[in-house]
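J.: Got a sequence here, can you build the structure:
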Amino acid sequence: MIAIVDYGERPEYLLYQLEKLGMELKFTSVESEILAADRIILPDCKDLKRAVKRLHLLNLFSMLRMIKKPVLGIGNGFAMMCEGTPVLNCEGLGFFPISVSLPDTVLSLPEKYSASTMENSIYLDGEEFDGLYFEKFFQTSSGVYNVLCLTGDEALPAACVNGRYGGLIFNPEFSGPAGNYLLNRFLSL
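T.: Now for the predicted structure:
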């Protein structure tokens, strides 16, 4: 079972997409249900500070920091998984020992872009993925965990992996077959 962490915003399209892919899932903010799950998803959210505050209020933040199960962060969920982010101005969950910031590069958003597999990636089959839908971009303090980057700009990751932890910066629900493939691939880490 996959637990999708509820921090106040219901990710309708993500829930629909995962159900369509035949995944057994639970949208929850209950600690015991999250602990019972095989995998955990931290979905994207509009207000990252509010989401982190809610996790603290529900006493889930400390529990999530200690979890040793596969975790996938999408969009701001990925930013939350990093050690720190200037957007939060506080500590993140630390699954990725890097910090994220907003990029200096200005690209139009939301928009579909293509992304290329990095040479160090053993996680992905394929060299280029087209039609990935981005609503935001992040720059990472180190590219060591980047497995997929915007075509032509290796400073802007589309996906990161650190062992059993994965992060998708793009929105897989609106990214067509490439989004489905990458979502499935990261859920199988």
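J.: Show me what the lowest-mean-pLDDT helix or strand in the chain is packed up against.
T.: Least confident helix or strand of the chain, by mean pLDDT, DSSP states H and E, is strand 90-91 with a mean of 77. In terms of contacts (3 or more Cβ pairs under 8 Å, 6 or more residues apart in numbering; DSSP states H and E), strand 90-91 is packed against strand 82-85. (Each C-beta comes from the backbone N, C-alpha and C, glycine too.)
J.: helix, strand or coil for the closest residue to residue 173 other than its chain neighbours?
T.: The shortest distance from residue 173 to any non-neighbouring residue, by Cβ to Cβ, 6 or more residues apart in numbering, is to residue 13 (4.0 Å). Taken by DSSP: H, G, I helix; E, B strand; the rest coil, the conformation at residue 13 corresponds to helix.
J.: Let me know whether residue 13 touches residue 174 as I believe.
T.: Yes. Counting by Cβ atoms under 8 Å, residue 174 is a contact partner of residue 13 at 7.1 Å.
J.: helix or strand right after the least confident helix or strand of the chain?
T.: Remark: after strand 90-91, the chain's next helix or strand is strand 96-101, criterion DSSP states H and E.
J.: tell me which residues of that following strand are tucked away?
T.: For strand 96-101, the neighbour count (16 or more other Cβ atoms under 10 Å) marks 96, 98-100 as buried.
J.: Just send those back as CSV, with distance to residue 78 too.
T.: Supplementary listing: the buried residues of strand 96-101 in CSV, determined by distance: Cβ to Cβ, whole Å:
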residue, distance to residue 78
96, 8
98, 11
99, 12
100, 8
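J.: Now render these as JSON lines, adding distance to residue 76 and pLDDT.
T.: Written out in JSON lines, the entries for these read as follows (distance: Cβ to Cβ, whole Å; pLDDT from 0 to 100):
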{"residue": "96", "distance to residue 76": "14", "pLDDT": "96"}
{"residue": "98", "distance to residue 76": "15", "pLDDT": "94"}
{"residue": "99", "distance to residue 76": "14", "pLDDT": "91"}
{"residue": "100", "distance to residue 76": "10", "pLDDT": "91"}
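J.: biggest strand in this protein by residues?
T.: The strand spanning the most residues in the chain, taking DSSP state E as the definition, is strand 153-162.
J.: From the contact counts, what lies against that strand?
T.: Helices and strands touching strand 153-162, as assessed by 3+ Cβ pairs under 8 Å, 6+ apart, comprise strand 96-101, strand 111-117, strand 128-134, strand 139-140, strand 146-150, strand 165-168, helix 176-187.
J.: Could you rerun that using 7 Å?
T.: Contacting strand 153-162 under the criterion 3 or more Cβ pairs under 7 Å, 6 or more residues apart in numbering; DSSP states H and E are the following elements: strand 139-140, strand 146-150, strand 165-168.
J.: Now do stretch 118-132, average pLDDT.
T.: When the per-residue pLDDT values of stretch 118-132 are averaged, the result is 78.
J.: again with stretch 29-48
T.: 95.
J.: what does it rub up against?
T.: 1-7, 9, 11, 14, 26, 28, 51, 58, 60, 63, 67, 69-77, 79-81, 87-88, 171, 187 (Cβ atoms under 7 Å, 6 or more residues apart in numbering).
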